[in-house]
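Chemist: Okay, sequence plus prediction incoming.
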Amino acid sequence: MHILIIGGSGMLRELALRLNKEGHEVSVLGRNQKKLREVKDLAVNPGKLHLISSDYTNRDSFIKDIEQLIEQRPVQKVVAWFHRKGDQALQEMCDLFSKQRTEWEIIHVKGSRAGNPAHNFSPNTGLMCTFKQVILGHVMEKDHMRWLTHSEISAGVYEAMHSPRATSTVGRVDS
């Protein structure tokens with residue numbers, strides 16, 4: 001299975017490395033070339049890890065990079081962390097994957113604001129796609145709140161990937 005992880009050189013790095021260790025073909029798309037190289041250096045199966053330096057906020061370039069990836073190797077699963085300003089690029093990416101005419105899955109990782117339906121964008125993915133969303137929250141420790149660590153996020157997204165649930169929450173989204 002070929003898995004594309006957008007945001008896999010930062011917040012989802014441990015997820016990318018875990019899937020690579022399991023033997024999956026993993027493409028990691030990120031903005032920071034230094035962080036991408038660090039992921040490659042830590043990979044157990046570096047031959048099955050592919051790096052793509054791209055930025056979804058530069059929509060035209062990002063879409064070209066996704067088109068090239070699809071031409072090189074079909075993608076069955078996408079884990080995508082996009083900020084709100086990337087909604088249009090996310091939709092265009094989903095449109096491209098829908099043209100593959102094969103079944104695929106997207107796990108859309110979202111910030112805690114997505115816990116409010118008014119702030120929860122979900123792309124149209126077509127009939128051949130299974131859509132899952134992971135909403136990231138916070139953790140309460142004693143009397144204060146803290147954001148999730150990258151390890152907690154990666155573990156939660158991994159669990160969501162293997163869950164039948166359409167929506168998973170990592171941490172708490174309430175106050």
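Modeler: Arrived safely, thanks for sending. As the structure is a prediction and not an experimental result, all values here were calculated from the model.
Chemist: what number of residues lie near Asn120?
Modeler: Asn120 sits with 14 neighbouring residues when counted by other CB atoms under 10 Å. Any C-beta I mention is one placed from the backbone N, CA and C, and that applies to glycine too.
Chemist: any idea how far it lies from Ile135?
Modeler: In this structure, Asn120 and Ile135 are 8 Å apart, going by CB to CB, to the nearest Å.
Chemist: what touches both of these two?
Modeler: 110, 114 (CB atoms under 8 Å, 6 or more residues apart in numbering).
Chemist: Counting by contacts, list what the lengthiest helix in the chain packs against.
Modeler: Longest helix of the chain, by residue count under DSSP state H: helix 59-72. Here helix 59-72 touches helix 87-98, going by 3 or more CB pairs under 8 Å, 6 or more residues apart in numbering; DSSP states H and E.
Chemist: and the residue lying farthest from the centre of the chain, what is it in contact with?
Modeler: What lies farthest from the middle of the chain is Asp143; by CA atoms, centre = their mean that is 31.3 Å. With contacts defined as CB under 8 Å, 6+ apart, Asp143 has no neighbours.
Chemist: For the closest residue to Met93 other than its chain neighbours, give its distance to Gly86.
Modeler: Excluding the flanking residues, the one nearest Met93 by CB to CB, 6 or more residues apart in numbering is Ile66, at 5.3 Å. Remark: distance between Ile66 and Gly86 (CB to CB) = 12 Å.
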